[in-house]
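Chemist: predicted model follows, preceded by the sequence.
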Amino acid sequence: MSGPIALVDCNNFYASCERLFQPALRGKPVVVLSNNDGCVIARSNEAKALGVVMGDPWHLVKEKHKANGIIVRSSNYTLYGDLSARVMRTLADFTPDLEIYSIDEAFLSLAGFEGRLDAHARDLRATVVQWTGIPVSVGIAPTKTLAKLANRLAKKDPACGGVLTLATLQAQDAALEKIALTDLWGVAGRLAARLRVIGVNTPLELRDADPKFVREHCSVVMERMVYELRGTPCLDLEDVTPDRKSIMASRSFGRSVTAFRELEEAVATHTARAAEKMRRQNLATASVVVFVHTNKFKPTAPQYYGTREVELPVASADTSKLIGAAMRALASIWRKGFGYSKAGVIFPVLCAAAEATPDLFAAPDSVERKRLMRTVDSLNGRYGRGAITYGTMGRQHGWKLRSDHKSPHYTTDWEQLLKV
DNA sequence: TCTGGGGTCCTAGGACCC
DNA sequence: TCTGGGGTCCTAGGACCC
């Protein structure tokens, strides 16, 4: 499918929903909080102007913001889901090809509307606000990535009136010049840092970079991004919503929990919720995963992340069957205990090596071993991580070389390795 | 005694998004 | 004392197979 793509995004969606049923909130700074009132997940424009930051833990900033007259709401997902469905139904009147991307966003194919894109988008925008009361912004471009960008700029610049079209190269140039790498859809801190290392510092430089070079140093995802920025679509519009590949129900406790009984109860409750969701979507599962982890915001305390998957003989969405599997998974995590450290993973590898080359590994501080480790490091530096690892070949142990990352080559001759 | 190349599958973890 | 919850995709590396 080709032709212009529009991204329609609801403005400050959760805050707008709250306002719809409480008109007194209009024009006031409104903030919506996550489960347990943990952190900020939505802000009205007025709240943004007062400096409320997305994701801030509420208990740390509460006093400051309340002094500014900010109004707080706990989240109400049933309400948001309902209003979302109304918005999406309205959008469906404006195109035959609609992809519901998230609770407050949808991509629309505007093929056939070339020549009157702007007028069509403004009509859409007015209709949505009239029928649902939810204000939206529209970005239009040849690819999803550019449409995302157009939408972002449409929201930011009041002169756009909520609609921006990036149809020409000049318009795309001007838009890309205004933003930073991390403003791109799919680029956050880590990937931006990686791009800077290879000399790509701006969105324009990324668009004009050699796609093969980018793929080599980042990944196929970033290569696609280059093409998308050039106006060549790599991400299709998916107008049929695929079935979920996983369904999760999880909650933080909000305090430390150490009693097994309490974990069991919580896991049973969450499993029941997940099973319900599954039945509502006409799905079933053949495996159940349970995870438990410690409070990552207490870095001085020992950290643990335990996870376990249990398979069912037959796919099911039956609550009691799924809870049974979840209880087995939890018990297994519990038995494994909290002593499963990184050292526990590394140690067996060194054991295997010691069998194969006892003289080398007998003394951990031996000169030979240090030399070998330096050689391994330098080879991995030259050919990329994982170019050389210790592994098995049949019943033998050996060094696995993958200089091209394709065809592994095994050798037990570490003297040979030292010469490389 | 020495010696491979070509795969597939699975899991853990990284990175991102809303 | 209190820091969300729910997803997707990709890669690396080990295990295993012939």
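Modeler: That came through, no problem.
Chemist: now stretch A:295-315: buried residues?
Modeler: Residues of stretch A:295-315 classed as buried under the neighbour-count rule (16 or more other Cβ atoms under 10 Å) are A:306, A:308, A:310, A:312. Where you see a C-beta, it was placed from the backbone N, CA and C, and this is true even at glycine.
Chemist: same question for stretch A:62-81.
Modeler: Along stretch A:62-81, these residues count as buried under the neighbour rule (16+ other Cβ under 10 Å): A:62, A:65, A:70-73, A:75, A:80.
Chemist: same check on stretch A:238-245?
Modeler: Quick answer for stretch A:238-245: no buried residues (16+ other Cβ under 10 Å).
Chemist: so is it next to DNA strand C?
Modeler: Yes: remark: stretch A:238-245 sits within contact range of DNA strand C at A:244-245, by Cβ under 7 Å from any atom of the strand.
Chemist: chain center to that stretch: distance?
Modeler: On the basis of Cα atoms, centre = their mean, to the nearest Å, stretch A:238-245 is displaced by 17 Å from the centre of the chain it belongs to.
Chemist: how long is it from one end to the other?
Modeler: Between the opening and closing residues of stretch A:238-245 lies a distance of 16 Å (Cα to Cα, to the nearest Å).
Chemist: who's in contact with the residue of the stretch 1-150 of chain A at minimum distance from DNA strand B?
Modeler: When Cβ to the nearest atom of the strand is the measure, the stretch 1-150 of chain A has its nearest residue to DNA strand B at residue A:102, with 3.4 Å between them. With Cβ atoms under 8 Å, 6 or more residues apart in numbering as the criterion, no residue contacts residue A:102.
Chemist: for it, list each beta-bridge partner.
Modeler: Residue A:102 has these beta-bridge partners by DSSP bridges: residue A:105.
Chemist: the host helix or strand of residue A:17 near DNA strand C at all?
Modeler: Here residue A:17 sits within helix A:13-21, counting by DSSP states H and E. No: no part of helix A:13-21 sits near DNA strand C under the criterion Cβ under 7 Å from any atom of the strand; the closest distance found is 9.3 Å.
Chemist: centre of the chain to that helix, how far?
Modeler: If you compare the mean C-alpha spot of helix A:13-21 with that of the full chain, they lie 25 Å apart, counting by Cα atoms, centre = their mean.
Chemist: which strands and helices sit next to that helix?
Modeler: Secondary-structure packing of helix A:13-21 (3 or more Cβ pairs under 8 Å, 6 or more residues apart in numbering; DSSP states H and E): strand A:30-33, strand A:40-43, helix A:77-92.
Chemist: now the angle from that helix to helix A:77-92?
Modeler: Inter-element angle recorded for helix A:13-21 and helix A:77-92: 90 degrees (by axes from the mean of the first three to the mean of the last three Cα atoms, to 10 degrees).
Chemist: who touches helix A:13-21?
Modeler: A:10, A:25-26, A:30-32, A:41-44, A:47, A:73, A:75-76, A:79-80, A:83-84, A:103-104, A:133-135.
Chemist: got it, and stretch A:242-250?
Modeler: Residues from elsewhere that reach stretch A:242-250 (Cβ under 8 Å, 6+ apart): A:270-271, A:273-274, A:277-278, A:281, A:283, A:285, A:291.
Chemist: nice, that's everything, thank you.
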